[in-house]
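Q: Requesting a structural model of the entry that follows:
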Amino acid sequence: EIRIESDWTNHALSAGIRGSLDAYRRDRDLNRPRLDADLGLRLDAARNTRIDLSARIGLDTQDPGSPDLAGAVVGRPRVLTYGGAAAATQDFNRLRLSLRGSLARSEFEEARLSGGGILSQADRDRTAYEGGLRLGYEVHPGLVPFVEASLDQRLYDRRVAADGFRRGSTGATGRFGTTFEITRTLTGEASV
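A: Predicted coordinates for the structure are as follows:
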């Protein structure tokens with residue numbers, strides 16, 4: 001695992017990569033690679049304007065006994081996830097307005113069946129989108145109550161799965177809560 005954090009006076013950069021490989025000499029089909037990498041960038045565009053950008057990629061495998069895999073599978077099919085997010089925050093004196101959006105993609109590898117043949121998992125490939133708006137008001141330095149609303153949509157590449165069910169969803173979320181800063185290094189958020 002490697003983690004990088006900037007210590008710049010303006011802006012901030014953070015990045016990390018974590019990986020592992022469980023390898024077996026006798027049954028290489030059970031080898032399990034795992035990788036998680038992320039990159040985050042905060043741009044202090046102006047005194048009261050901040051832009052946050054992030055990207056993420058992950059690689060994992062499915063367990064051969066998983067109920068998501070119909071039939072006896074040889075090896076561990078890989079799952080790739082990746083995505084990004086962007087947010088802009090503007091302070092108007094004590095009033096804070098944030099707008100954010102994100103995109104996440106999941107792709108599933110075809111599985112080899114023990115009796116021969118291939119199990120396509122293309123009906124599980126999907127893309128998720130989310131957008132949100134947050135309005136907060138600083139009542140005390142470090143204490144910012146807020147209300148937030150967001151919309152999301154999950155779209156599958158194949159609208160109807162192999163089992164005949166339609167997939168996908170659209171959602172809406174509302175939250176209220178507060179961010180707090182006890183010290184410069186101890187901050188948090190609580191919401192319902």
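Q: and residue 83, bridged to which residues?
A: Per DSSP bridges, the residues bridged to residue 83 are residue 56, residue 104.
Q: That one touches residue 55, doesn't it?
A: Yes. Counting by CB atoms under 8 Å, residue 83 sits close enough to residue 55 to count as a contact (7.4 Å). Where C-beta positions appear, they are placed from N, C-alpha and C, glycine not excepted.
Q: okay, those two: which has more neighbours?
A: Comparing residue 83 with residue 55 by neighbour count (other CB atoms under 10 Å), the higher total belongs to residue 83, at 18 against 15.
Q: ok, the more buried one - contacts?
A: The contact partners of residue 83, taken as CB atoms under 8 Å, 6 or more residues apart in numbering, are 55-56, 102-105, 128.
Q: One more: residue 79?
A: Neighbouring residues of residue 79 by CB under 8 Å, 6+ apart: 59-62, 106-109.
Q: gap between it and residue 49?
A: Counting by CB to CB, to the nearest Å, the separation of residue 79 from residue 49 is 37 Å.
Q: Return the member of the contacts of residue 79 nearest to residue 152.
A: Using CB to CB, residue 106 is the member of the contacts of residue 79 that sits closest to residue 152, with 14.3 Å.
Q: Which residues are in contact with the closest one?
A: Remark: with contacts taken as CB under 8 Å, 6+ apart, residue 106 is in contact with 79-81, 124-128.
Q: That one: helix or strand, and which one exactly?
A: Using DSSP states H and E, residue 106 falls within strand 95-108.
Q: Tell me which other helices or strands the next helix or strand after that strand touches.
A: The element immediately downstream of strand 95-108 (helix or strand, assigned by DSSP H and E) is strand 111-113. Counting contacts by 3 or more CB pairs under 8 Å, 6 or more residues apart in numbering; DSSP states H and E, strand 111-113 packs against strand 73-74, strand 118-119.
Q: How about stretch 105-123, which residues are buried there?
A: Of the residues in stretch 105-123, those scored as buried under the neighbour-count criterion (16 or more other CB atoms under 10 Å) are 106-109, 111, 121, 123.
Q: what stretches of this structure score poorly on pLDDT?
A: Flagging of the chain using pLDDT under 70 yields an empty set of residue ranges.
Q: The same query, at a cut-off of 80, please.
A: Using pLDDT under 80 as the threshold, the predicted model of the chain has low-confidence ranges 29, 64-71, 161-163.
Q: Quick check: residue 155 vs residue 2, distance?
A: Using CB to CB, residue 155 is found at 34 Å from residue 2.
Q: More neighbours: these two, which one.
A: Just comparing residue 155 and residue 2: by other CB under 10 Å the higher neighbour count belongs to residue 155, 14 against 9.
Q: Check which helices and strands the helix or strand containing the more buried one sits against.
A: When secondary structure is defined using DSSP H and E, the element that contains residue 155 is strand 143-156. On a contact count with 3+ CB pairs under 8 Å, 6+ apart, strand 143-156 meets strand 126-137, strand 169-181.
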